[in-house]
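Q: Got a sequence here, can you model it:
(2 chains)
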Amino acid sequence: MADLYAVQDLRLSLPDMTRKPLLGPAPRIEILKGISFTLPKGEILGIVGGSGSGKSTLGCAMVRLLEPTGGHIRFDGHDITHLDEPTLRPLRRRFQMIFQDPMSSLNPRHRVGQIIAAPLRLHGFTDIQAKVADALDHVGLARPFADRYPHELSGGQRQRVGIARAIALRPEFILADEIVSGLDVSSQAQVLNLLERLVRELGLTLAFISHDLSVIRRLCSRVLVLHRGEIVENAPVTDLFAAPKAAYTRELLDAIPLPDPDQVWA
Amino acid sequence: MADGRAQIRRRAGPRLWLSALWLGLLALAALLAPWIAPKDPLAQDLFLGRLPPFWAAGAEPGYWLGTDSLGRDVLSRLIHGARLALTVALVAGSITCLIGATLGLLAGYLRGWVDIVISRAIDIWMAFPPVLFSILLIAVLGPGLSSIIIAIVVIDWTRFARVVRAEAMAQGAMDYVASAQVAGRSRLSTMVTEILPNVLPTIVVLLTLEMGIAVIVEAILSFVNLSISTDDPTWGGMIAEGRTSIHQAWWVLIFPLIALFLTVLSFSQLGEGLKDRYDPVLR
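A: Here you go, the predicted model:
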């Protein structure tokens, strides 16, 4: 299958404002140090790593919330590494993002209907009400939810709204950044089931960022393990759990709490 | 599905309807002043000077709140004074709000050099002593309604800019802003459709506070005789005149003070009350 994303030697550094001298530019911190991978259409890619490993930064670069300082990101053949916002806009419909904390990513003063409709309006869709209703159906929320404000929903329902907003545009790619880390275990399972179903029904390609390997194992077909801005392992999920190659991956695997401490992942 | 969260509604508290009632009365009085004021506010009658209010001994019927030392009816002057007070509150308050909030929003959301320019301007502006600055401005512009309004706008826009900038910065860090960018919304459009609704409750509260402050500033300027022409009745002017005769005729001072106090209080309470009632995000 064709590659939807081709990332080549991606580098990203940000100015370190805490060590900025009084005069002159701040020193830069390298967050991503030359990352290369490809993401074929229809695959579910897990991106794991500890805090500060650069996994969220990589995600932000992929949907161009951040501009990389080096390397290339190709999305379906288009080099989006340094595209400016107006040129990027038509492409934005095709890659969407679900955020970690829906309390922050859903505007508290917009109703759910408005929140889902806004991206549709921006991209000039017609028949918006029907598309909003359709998106709500897809994530299993009843139609009347469109008139609610985000604070009137539960955590799991809010995250469903976040998913509905992302899929309403019928994108080809969705980045899910730690989307279940704020939910309790039963809501986590529901959201993961939902995501799995949507990937199948809508033919999505998904990048799933998480620090929780058991969630990745459940959902993904391939895993990138990031450590300090570099890929330490890039393997199919079954291989990774069966025979982790990198020392850091073994550390992560050992950190998974097991119901039975004597049991090992096999 | 139908849990209680959607049904929560706050009732309009007493502070909302009490303050709205007083301001409504005042607005009515200001609009209908020529018809409802019992006497001509400028008519002097030296034989009827320093009449006490209606309940005190020696009161004259028809002069409800007494007269000042020149025999002018205090109630009629209060009613006519409300016109100026409310005009200044509404016009100066709105223009100040518009300018200050816009600059604050731009600085807080766009950051970068826009923020640097606006923030430095605010810092420099706030270093001027406000009362002296306004007196200086009026002295240069000449007394008059538009000068008062200009003085208030020029001095007080920083109050809005500061607070709105801080609020816009906090909101700008929220994920819904990043989410708008992912959806392809432009920066300016994000500011208006995403950030502004979240800063609006703060702006409304500030606006009502500012209206109260505008009433006070107008009173201060009238007090030092730098408001509109000295003949026209103003609350500040009445307070200044009443001060000189406080031992003989306390009512000339007290009634405009009460009107001023209630008006300023009502404006601030109206803002808080509106926020409580209409902000969809219950805190």
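
Q: Following element in sequence after the host helix or strand of B:L105, please.
A: Per DSSP states H and E, B:L105 falls inside helix B:74-110. For helix B:74-110, the following helix or strand on the C-terminal side (DSSP H and E) is helix B:112-126.

Q: do the longest helix along chain A and chain B meet at all?
A: If you go by DSSP state H, chain A has its longest helix at helix A:185-202. No - using C-beta under 8 Å from any C-beta of the partner chain, helix A:185-202 stays clear of chain B, coming no nearer than 15.0 Å. All C-beta atoms are positioned from the backbone trio N, CA, C, and that covers glycine.

Q: any idea how far chain A is from B:L42?
A: Applying C-beta to the nearest C-beta, to the nearest Å, the value for B:L42 to chain A is 50 Å.

Q: Give me the phi and psi for that residue.
A: When quoted as degrees, to the nearest 10, the phi and psi of B:L42 stand at phi -100, psi -10.

Q: give me every residue that touches it.
A: Applying C-beta atoms under 8 Å, 6 or more residues apart in numbering or on different chains to B:L42 gives the contacts B:R72, B:D231, B:P233.

Q: and which of those residues is nearest chain A?
A: Distance to chain A, by C-beta to the nearest C-beta, is smallest for B:P233 among those, at 43.3 Å.

Q: can you list the residues of the stretch 1-150 of chain A near chain B?
A: Residues of the stretch 1-150 of chain A lying close to chain B (C-beta under 8 Å from any C-beta) are A:63, A:65, A:85, A:88-89, A:92-93, A:96-97, A:99-101, A:104-110, A:118-119, A:122-123, A:142, A:144, A:147-149.

Q: Now the buried members of those.
A: Buried subset of the residues of the stretch 1-150 of chain A next to chain B (neighbour count, 16 or more other C-beta atoms under 10 Å in any protein chain shown): A:63, A:65, A:88-89, A:92-93, A:96-97, A:99-101, A:104-110, A:118-119, A:122, A:148-149.

Q: Okay, and which of those residues map to helices?
A: Using DSSP H to define helices, the subset of those located there is A:L88, A:R89, A:R92, A:S104, A:S105, A:A118, A:P119, A:L122.

Q: remind me which residues of the stretch 1-150 of chain A are low pLDDT?
A: Where the stretch 1-150 of chain A drops to pLDDT under 70, the residues are A:1.

Q: all strands for it, in order.
A: Taking DSSP state E, counting those that start in this stretch as the criterion, the stretch 1-150 of chain A carries its strands at A:3-15, A:28-40, A:44-48, A:70-75, A:78-79, A:95-98.

Q: Turn those into TSV, including distance to B:E210.
A: As requested, the strands of the stretch 1-150 of chain A are exported to TSV (distance: least, C-beta to C-beta, whole Å):
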stretch	distance to B:E210
strand A:3-15	38
strand A:28-40	43
strand A:44-48	49
strand A:70-75	48
strand A:78-79	50
strand A:95-98	40
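
Q: count of neighbours near A:R19?
A: Neighbour count of A:R19, defined by other C-beta atoms under 10 Å in any protein chain shown: 9.

Q: circling back to that earlier point, let me know the next secondary structure element after the longest helix of chain A.
A: strand A:205-210.

Q: Just want the most central residue of chain B.
A: By C-alpha atoms, centre = their mean, chain B has its centre lying nearest to B:M211, at 1.3 Å.

Q: What helix or strand is that one located in?
A: Element membership for B:M211 (DSSP H and E) is helix B:196-223.

Q: Nearest residue to A:G34 in space, please, no chain neighbours.
A: Nearest residue to A:G34, sequence neighbours excluded (C-beta to C-beta, 6 or more residues apart in numbering or on different chains): A:D9, at 4.9 Å.

Q: Now do the same contact list for that neighbour.
A: A:D9 neighbours (C-beta under 8 Å, 6+ apart): A:G34, A:I35, A:S36, A:G70, A:G71, A:H72.

Q: Top of those by number of neighbours, please.
A: Of all the contacts of A:D9, the highest neighbour tally under other C-beta under 10 Å goes to A:I35, namely 24 neighbours.

Q: Run through the bridge partners of that residue.
A: A:L10 (DSSP bridges).

Q: Pull the contacting residues for it.
A: A:V7, A:D9, A:L10, A:R11, A:G54, A:L58, A:G71, A:L226, A:G229, A:E230, A:I231.

Q: Just the buried subset of the residues you listed, written out for ChimeraX, thanks.
A: In ChimeraX, selecting the buried portion of those, with burial taken from 16+ other C-beta under 10 Å, looks like this:
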select /A:7,10,11,54,58,71,226,229,231
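
Q: Now flag whichever of the contacts of A:I35 is closest to chain B.
A: Closest to chain B, out of all of those and judged by C-beta to the nearest C-beta, is A:L58, at 15.2 Å.

Q: hang on, the closest one packs against A:K33?
A: No - checked against C-beta atoms under 8 Å, the pair A:L58 and A:K33 is beyond contact range at 11.1 Å.

Q: pLDDT score assigned to the residue nearest to B:I203 when sequence neighbours are not counted?
A: Take B:I203 and drop its neighbours on the chain: the residue closest to it by C-beta to C-beta, 6+ apart is B:A101, 5.1 Å away. Listed pLDDT for B:A101 reads 96.
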